[in-house]
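Undergrad: only geometry, no sequence info:
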């Protein structure tokens with residue numbers, strides 16, 4: 001979404017839609033790669049936590065999100081963000097698990 005706004009704002013007056021679409025096309029492989037890395041790390045940590053705890057519950061996803069957020073922050077070398085990244089991912093996955101639990 002932000003990439004399309006960037007392409008829209010820096011294009012010429014009559015070519016704003018084309019500028020937005022071309023910036024999305026240029027950035028799509030990077031976004032897809034980042035999503036693939038996140039999914040692979042989360043699945044790996046989820047399987048490892050299931051094997052370690054010998055349980056299948058919502059805490060596995062929360063712990064996996066905590067570990068994934070920390071590894072991704074360490075990967076990007078943003079050490080100022082690394083301290084809170086663990087907790088942001090754990091909290092967001094905890095919220096998702098809580099909603100699933102309450103709805104079903």
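TA: Happy to help now that I have it. This is a predicted model, so every value here is computed, not measured. Numbering: from 1, shown residues only.
Undergrad: can you map out the strands along this structure?
TA: Applying DSSP state E to the chain gives no strands.
Undergrad: Now residue 94. Nearest residue, chain neighbours left out?
TA: residue 62 (4.8 Å; C-beta to C-beta, 6 or more residues apart in numbering). C-betas here are computed from N, CA, C, even on glycine.
Undergrad: typo on my end, residue 58
TA: Leaving aside its chain neighbours, residue 58 sits nearest to residue 97 (3.8 Å; criterion: C-beta to C-beta, 6+ apart).
Undergrad: May I ask you to confirm that the one you found is in contact with residue 61?
TA: Yes - contact criterion C-beta atoms under 8 Å: residue 97 and residue 61 qualify, at 5.5 Å.
Undergrad: any idea how far the residue nearest to residue 58 lies from residue 37?
TA: Distance of residue 97 to residue 37, given as C-beta to C-beta, to the nearest Å: 22 Å.
Undergrad: who's more crowded, the two?
TA: Neighbours per residue, other C-beta atoms under 10 Å: of residue 97 and residue 37, the larger number sits with residue 97, 17 against 14.
Undergrad: Please report how far residue 41 lies from residue 89.
TA: In this view, residue 41 and residue 89 are 11 Å apart by C-beta to C-beta.
Undergrad: Show me whatever sits in contact with both of the two.
TA: With contacts taken as C-beta atoms under 8 Å, 6 or more residues apart in numbering, residue 41 and residue 89 have residue 68 as neighbours in common.
Undergrad: With neighbour numbers in mind, choose between the two.
TA: More neighbours surround residue 89 than the other of residue 41 and residue 89, with 23 against 17 (other C-beta under 10 Å).
Undergrad: In terms of secondary structure, what does the helix ranked longest in the chain contact?
TA: Counting residues, the longest helix found in the chain (DSSP state H) is helix 16-53. Applying 3 or more C-beta pairs under 8 Å, 6 or more residues apart in numbering; DSSP states H and E, one finds that helix 16-53 contacts helix 2-10, helix 58-75.
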